[in-house]
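**Q** Below is the sequence, then the predicted model.
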Amino acid sequence: MGTASPALTPMFPPQQDVEESLIDFQNVGIDITGDEHGGDVGVPFAEVDVSQVMVSVRAPHVHAFMSGYNAVVFAYGQTASGKTYTLSGTPEEPGIIPRALRDVFAFIRATPSREYLLRCSYLEIYNETIHDLLAPGGGQAKGVEIQGGGAGGEVILSGLREEVVTSLASVREVLRRGEGNRRTASTDWNERSSRSHSVFRVVCESRERGDRSSSEEDRSTTPTANGRHTPGLGGRQTPGAGGPRLQAKGGRSVQTSVLVCTSDKERTREGRYINTSLLTLGTVISTLAENAAKGKTDHIPYRNSKLTRMLQPSLSGNARISVVCTINPDASAVSESMSTLQFARRIKGVHLNAQKKEIVDTDALIERYRKEIEDLKRRLEEREQEATRDAPSVRSRRLSAREQIDESKAMTDLTRALSIDETDSHESERWERGRFTTGSPVKIDFDMSPYQGYEENLGEPLRAVREDVEKEWQGKLDEKDAWAAELVRQLEKEKKMRLQLEEERKALAAFVSMFDSLGLGLLSAASSPVKVMPSPGGASAAYAGRREANLKQQQQVAEDASRESSPVRMSIDLAGKLSAHPSLLEQMPEEDWNDVSFEAEAEAAWGGWGRIWD
Ligand SMILES: Nc1ncnc2c1ncn2[C@@H]1O[C@H](COP(=O)(O)OP(=O)(O)OP(=O)(O)O)[C@@H](O)[C@H]1O
């Protein structure tokens with residue numbers, strides 16, 4: 001294994017296939033419903049505030065991890081304060097890792113819509129060397145290298161063994177083996193000064209459930225170094241090592257996330273435990289917190305240690321992070337406890353912005369669309385054949401697919417052109433929606449593809465329907481034009497009458513004015529209460545005779561006009577009355593004539609003047 005290409009290291013039993021190792025709600029083992037120690041799965045998936053690092057004694061990130069977010073649980077504290085106990089626990093009292101994995105399987109069982117691939121790795125860092133605790137030879141094995149991780153990129157741990165787990169039992173076995181290798185290695189560490197960090201990683205890949213039989217067909221044929229076929233390898237690296245990958249296929253994207261549980265440990269050559277582990281991680285955390293608080297972009301020394309480099313994507317924000325601070329209650333450990341609490345306070349200031357990662361299989365999407373198009377073509381041909389067989393009489397009138405598309409387009413243009421009639425908003429709305437039912441019994445749906453229209457109106461050629469629609473709307477258009485012409489005609493008539501009225505008024509005003517200037521403004525009449533003044537010459541008598549004749553003629557005209565519903569009627573009456581009482585006419589301001597409406601004129605004429613007349 002040591003010489004194999006890291007990315008292709010065979011982690012997978014040769015006879016197994018990833019597709020057979022997928023876990024879904026159906027094949028999750030029943031041992032997750034509770035463990036032999038009385039643990040209760042309960043409802044572990046409560047949402048939490050994700051805007052800050054959460055420092056606590058419990059880790060609620062399983063739900064986030066299973067939903068596609070990276071999650072880190074970091075146990076921090078002086079030696080013998082309970083980090084290992086907290087993370088791994090004992091067979092009697094399982095720690096965070098086995099409990100988290102139990103929740104992972106509970107989540108899978110509660111999520112029937114997806115299928116999952118889980119891979120575990122377990123490593124230890126000491127003397128700035130990464131040891132693979134699951135590799136043959138355990139903690140003695142070396143060769144794991146960190147790649148990537150810069151500029152927000154993913155970290156690749158090349159050469160790290162990843163083991164596919166399909167049940168809680170297999171996770172326990174992995175943990176047990178890793179812990180065993182760790183103890184073996186630590187014997188050697190006691191001989192020298194060392195700083196160590198243990199890191200347990202779980203990579204979760206998931207995708208929507210598909211048809212297992214089609215999955216068989218689509219299975220990738222990318223061979224690995226040992227000749228096996230590893231689905232989805234395809235040159236794409238997911239975070240982590242060289243384990244098998246779940247493939248995005250059939251348009252189903254793959255969601256990838258990593259759960260990291262880690263703890264650190266410091267020891268000196270003399271066997272005394274010191275707290276220098278705060279140095280690198282503490283510096284990184286301090287800088288991150290200060291940058292976040294003061295809006296600065298100071299350099300963050302991730303590369304000063306393997307641990308910080310490995311955790312770089314998570315620490316730089318792309319993870320949900322929980323820090324478990326463990327404290328030794330002994331009085332002699334007060335200074336270390338204070339140091340631990342200061343670390344806790346600092347890391348609380350780090351801001352996070354975890355993002356989901358999805359790999360979308362664009363090739364698969366294109367392939368799916370291509371298949372859909374082919375399927376549509378095939379169905380169209382079948383329909384055409386059926387129609388030709390069943391209804392030969394309409395064969396000659398049937399349109400080709402291309403013609404139907406043109407027809408459909410022409411119909412859409414036509415409806416847009418005709419939908420200018422705003423008098424029927426309801427109909428306009430229906431045109432807007434692209435859906436309209438004509439007066440004819442055939443329903444036209446412009447959303448339908450030409451193929452659908454062809455299928456549904458098989459017995460009714462589309463052309464005939466179009467002619468119906470055209471005819472109906474042309475009729476409406478003609479009606480509208482006729483109505484507009486009538487309106488213009490009426491307006492012209494009104495204008496003419498108004499001009500005529502104005503001319504009559506002016507003539508009468510001039511006439512009255514002339515008589516006033518001759519001293520004949522107040523005329524005698526038998527019924528008039530106004531006293532008639534004597535006038536020079538025979539003008540008064542001449543006017544009285546002419547007035548008598550005019551009055552009769554105007555009364556006749558007024559009677560004729562009263563039979564019409566036109567403003568002329570009012571103006572003629574008015575003129576007649578004005579001629580009888582000319583001096584009052586000049587008392588009306590000019591603007592009143594211009595402003596008054598026809599209705600007001602009528603009121604004035606029949607009300608005001610009428611009373612005087614009577
Ligand atoms: N909450 C606890 N309840 C009972 N026993 C505990 C508890 N926490 C720790 N212990 C015990 O204390 C001892 C030290 O704990 P542990 O090994 O977990 O410390 P550690 O922080 O991992 O130490 P180191 O840094 O040296 O690895 C172990 O024997 C463990 O079983």
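**A** Yep, it's here.

**Q** Name the single longest helix found in this structure.
**A** Counting by DSSP state H, the longest helix found in the chain is helix 462-517.

**Q** Write out the residues of the stretch 51-200 of the chain neighbouring the ligand.
**A** Within the stretch 51-200 of the chain, the residues that sit near the ligand (Cβ under 6 Å from any ligand atom) are 77, 79, 80, 81, 82, 83, 84, 85. Where you see a C-beta, it was placed from the backbone N, CA and C, and this is true even at glycine.

**Q** can you pull the contacts of the fourth one?
**A** Right, the one you point to is residue 81. Residue 81 sits next to 326, 327, 328, 333, 336, 340 when contact means Cβ atoms under 8 Å, 6 or more residues apart in numbering.

**Q** swap in the last one?
**A** Shown in contact with residue 85 (Cβ under 8 Å, 6+ apart): 93, 95.

**Q** Please identify which helix or strand holds it.
**A** In this structure, residue 85 sits in helix 83-87 according to DSSP states H and E.

**Q** quick one: buried residues of the helix or strand that that helix is followed by?
**A** Next along the chain after helix 83-87, taking DSSP H and E as the criterion, comes helix 96-109. For helix 96-109, burial by neighbour count (16 or more other Cβ atoms under 10 Å) applies to 96-109.

**Q** I'd like to know which elements helix 96-109 is packed against.
**A** Counting contacts by 3 or more Cβ pairs under 8 Å, 6 or more residues apart in numbering; DSSP states H and E, helix 96-109 is packed against helix 62-66, strand 71-77, helix 83-87, strand 114-126, helix 168-189, strand 194-208, strand 254-267.

**Q** could those be laid out in JSON lines, adding distance to residue 303 and mean pLDDT?
**A** Formatted as JSON lines, these follow (distance: least, Cβ to Cβ, whole Å; pLDDT from 0 to 100):
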{"stretch": "helix 62-66", "distance to residue 303": "26", "mean pLDDT": "85"}
{"stretch": "strand 71-77", "distance to residue 303": "18", "mean pLDDT": "85"}
{"stretch": "helix 83-87", "distance to residue 303": "25", "mean pLDDT": "88"}
{"stretch": "strand 114-126", "distance to residue 303": "14", "mean pLDDT": "88"}
{"stretch": "helix 168-189", "distance to residue 303": "23", "mean pLDDT": "75"}
{"stretch": "strand 194-208", "distance to residue 303": "15", "mean pLDDT": "82"}
{"stretch": "strand 254-267", "distance to residue 303": "17", "mean pLDDT": "78"}
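
**Q** What residue, apart from its backbone neighbours, is nearest residue 299 spatially?
**A** Sequence neighbours aside, residue 287 is the residue nearest to residue 299 in space, at 7.6 Å (criterion: Cβ to Cβ, 6 or more residues apart in numbering).

**Q** hang on, that neighbour packs against residue 297?
**A** No. Taking contacts as Cβ atoms under 8 Å, residue 287 lies outside contact range of residue 297: 10.1 Å.

**Q** Please say which of these two ends up with more neighbours.
**A** Neighbours per residue, other Cβ atoms under 10 Å: of residue 287 and residue 297, the larger number sits with residue 287, 18 against 7.

**Q** Doesn't that one lie inside a strand?
**A** No. Counting by DSSP: H, G, I helix; E, B strand; the rest coil, residue 287 is located in no strand; its state is helix.

**Q** Just the pLDDT at it, thanks.
**A** On the pLDDT scale, residue 287 is placed at 83.

**Q** who's in contact with it?
**A** 298, 299, 300, 301.

**Q** Between those, which sits nearest the ligand?
**A** The closest of the contacts of residue 287 to the ligand turns out to be residue 301 (Cβ to the nearest ligand atom; 23.6 Å).

**Q** Count the residues that sit near the closest one.
**A** Neighbours of residue 301 under the rule other Cβ under 10 Å: 13.

**Q** Tell me who's in contact with it.
**A** Neighbouring residues of residue 301 by Cβ under 8 Å, 6+ apart: 280, 283, 284, 287, 308.

**Q** Out of those, who's the most crowded?
**A** Each of the contacts of residue 301 was scored by neighbours using other Cβ under 10 Å; the highest score is residue 284's, at 25 neighbours.

**Q** what separates the closest residue to that residue other than its chain neighbours from the ligand, distance-wise?
**A** Leaving aside its sequence neighbours, residue 284 sits nearest to residue 308 (Cβ to Cβ, 6+ apart; 4.9 Å). Distance, residue 308 to the ligand, using Cβ to the nearest ligand atom, to the nearest Å: 18 Å.

**Q** element containing residue 308, please.
**A** helix 306-310.

**Q** immediately after that helix, which helix or strand?
**A** Using DSSP H and E, the helix or strand that directly follows helix 306-310 along the chain is helix 312-315.

**Q** Remind me what that following helix packs against, helices and strands.
**A** The elements that helix 312-315 packs onto, with contact taken as 3+ Cβ pairs under 8 Å, 6+ apart, are helix 278-294.

**Q** Who are the contact partners of the residue of the chain found nearest the ligand?
**A** Closest approach between the chain and the ligand, counting by Cβ to the nearest ligand atom: residue 82, at 2.8 Å. Listed by Cβ under 8 Å, 6+ apart, the contact partners of residue 82 are residue 326.

**Q** Per the annotation, how does the chain divide into domains?
**A** Taking automatic domain parsing as the reference, the chain has its domains at 6-33+50-359, 362-460, 496-613.

**Q** per-residue confidence averaged over the second one?
**A** When you say that, I think you mean domain 362-460. Averaged over domain 362-460, pLDDT sits at 56.

**Q** circling back: possible to save the buried residues of helix 96-109 as CSV with distance to residue 246 and pLDDT?
**A** Output for these, formatted as CSV (distance: Cβ to Cβ, whole Å; pLDDT from 0 to 100):
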residue, distance to residue 246, pLDDT
96, 25, 89
97, 22, 89
98, 24, 88
99, 25, 89
100, 20, 90
101, 18, 90
102, 22, 89
103, 20, 89
104, 15, 91
105, 17, 91
106, 20, 89
107, 16, 89
108, 13, 91
109, 18, 89
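
**Q** Most widely separated two among the residues of the stretch 51-200 of the chain next to the ligand?
**A** Greatest spatial distance among these (Cβ to Cβ): 79 and 85, at 11.9 Å.

**Q** and this protein, which residues reach the ligand?
**A** By Cβ under 6 Å from any ligand atom, the residues of the chain that approach the ligand are 77, 79, 80, 81, 82, 83, 84, 85, 265, 326.

**Q** If we use 5 Å, what do you get?
**A** Contact residues, the chain versus the ligand (Cβ under 5 Å from any ligand atom): 79, 80, 81, 82, 83, 84, 85, 265.

**Q** quick one: low-confidence ranges for the stretch 501-614 of the chain?
**A** 515-516, 518-547, 557-614 (pLDDT under 70).

**Q** Go again with 50.
**A** 521-539, 564-614 (pLDDT under 50).

**Q** Residue 318 is in contact with residue 71, isn't it?
**A** No. Using Cβ under 8 Å, residue 318 makes no contact with residue 71, being 10.6 Å away.

**Q** ok, those two, which is more surrounded?
**A** Neighbours were counted for residue 318 and for residue 71 using other Cβ under 10 Å; residue 71 has more, 27 against 18.

**Q** List the contacts of that one.
**A** 59, 61-62, 64-65, 257-260, 319-322.

**Q** what's the closest non-adjacent residue to it?
**A** Among residues not flanking residue 71 along the chain, residue 61 sits closest, at 3.7 Å (Cβ to Cβ, 6+ apart).

**Q** Quick one: residues contacting that neighbour.
**A** Listed by Cβ under 8 Å, 6+ apart, the contact partners of residue 61 are 69, 71, 72, 73, 100, 259, 320, 322.

**Q** ok, the first one - how many residues close by?
**A** Using other Cβ under 10 Å as the criterion, residue 69 is surrounded by 22 other residues.
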